[in-house]
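**Q** Sharing a model that was predicted from the sequence below.
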Amino acid sequence: MRKEFFKPDPAVRKKLYIIYLLSIHLLLIGLLYSCVLFRRPSIEKTIDRTSLYYHRHVKYHLRATGNWPDGSFIFIGDSHIEGLCGSAVANPAVNLGIGKDTIAGSIARIDQYQNLSKAKCIILSIGSNDLNRQSIIQMIEEMTILIKHLPEKVPFICCGLFPTYDTLGDRNKKARLFNQEMVKLCHEYCTGSFIDIYDSLLDEQGRVNKQYYDADGIHLNSNGNAIWIKALRNQLAEHGA
């Protein structure tokens, strides 16, 4: 005699099926949430201004502020500045670059450098780490605040953002837009000027020229920095600095 297997009522089966589908959806949502919550940080993750790394570097800078020679050329910015040989641009040079720094990070520390008023010129290169987290409008607003924190009578040079190995193209488009807006902002100040070497870092096809970049496709190597140094020297000579 054949055994009869239990067959649930159709209404019960329907409820079980709905519960099954809901469970699958909840499981997928949980997996997606955990991926976002615990994803590995990006290479270009911006610095936390409360971090030990940031404060350690600011502390190192402050130890030297009392010994800056009058008429120094002060370089402020992120890893691009940190990797630049300031003395190849002008002397005496003081490098206040902090890797992964943002515009807000520079605003937070700039007032602590009390001898800035004795500088010959201040060179700013910041904003690269803001491109993926802020709009151009927000970046320009913060740059305006940063410039207002500079000593009024000290000339300053703002450096445009550089292109990167950006396969999607969005980041480089934003960098160009930022540079265009920065030209306008710097022209509002009689002591301000702007340099843009973006196009000088491209090849004949308009792509990033790899001979000017480190392997990460973000930072300039010594060849790329040589172009930047030359542009800065020319700008300083034009203004008699």
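**A** Yep, that arrived. Residues are numbered from 1 along each chain as shown.
**Q** what are the ranges of the helices in this protein?
**A** Taking DSSP state H, the helices of the chain run over residues 10-37, 52-65, 79-82, 103-110, 136-148, 170-186, 222-238.
**Q** got a list of what residue 166 touches?
**A** 172, 208 (CB atoms under 8 Å, 6 or more residues apart in numbering). Just so you know, the C-beta spots here come from the backbone N, C-alpha and C atoms, and that holds for glycine as well.
**Q** try 7 Å
**A** Residue 166 makes contacts with residue 172, as judged by CB atoms under 7 Å, 6 or more residues apart in numbering.
**Q** what separates it from residue 131, distance-wise?
**A** Here the criterion is CB to CB, to the nearest Å. By it, residue 166 lies 10 Å from residue 131.
**Q** just residue 199 next, same as before
**A** Taken as CB to CB, the spacing of residue 199 relative to residue 131 amounts to 18 Å.
**Q** Who has more neighbours out of those two?
**A** For residue 199 and residue 131, the more surrounded residue by other CB atoms under 10 Å is residue 131, and the numbers stand at 23 against 10.
**Q** right, and residue 118 touches residue 70 too?
**A** Yes: shown here, residue 118 and residue 70 form a contact pair, counting by CB atoms under 7 Å, at 4.7 Å.
**Q** Neighbour count for these two, which is higher?
**A** More neighbours surround residue 118 than the other of residue 118 and residue 70, with 14 against 10 (other CB under 10 Å).
**Q** State the distance from the more buried one to residue 74.
**A** Taking CB to CB, one finds residue 118 at 9 Å from residue 74.
**Q** chain center to stretch 176-189, what's the gap?
**A** Stretch 176-189 sits 17 Å away from the centroid of its parent chain (CA atoms, centre = their mean, to the nearest Å).
**Q** Report the rounded mean pLDDT for that stretch.
**A** Per-residue pLDDT over stretch 176-189 has a mean of 97.
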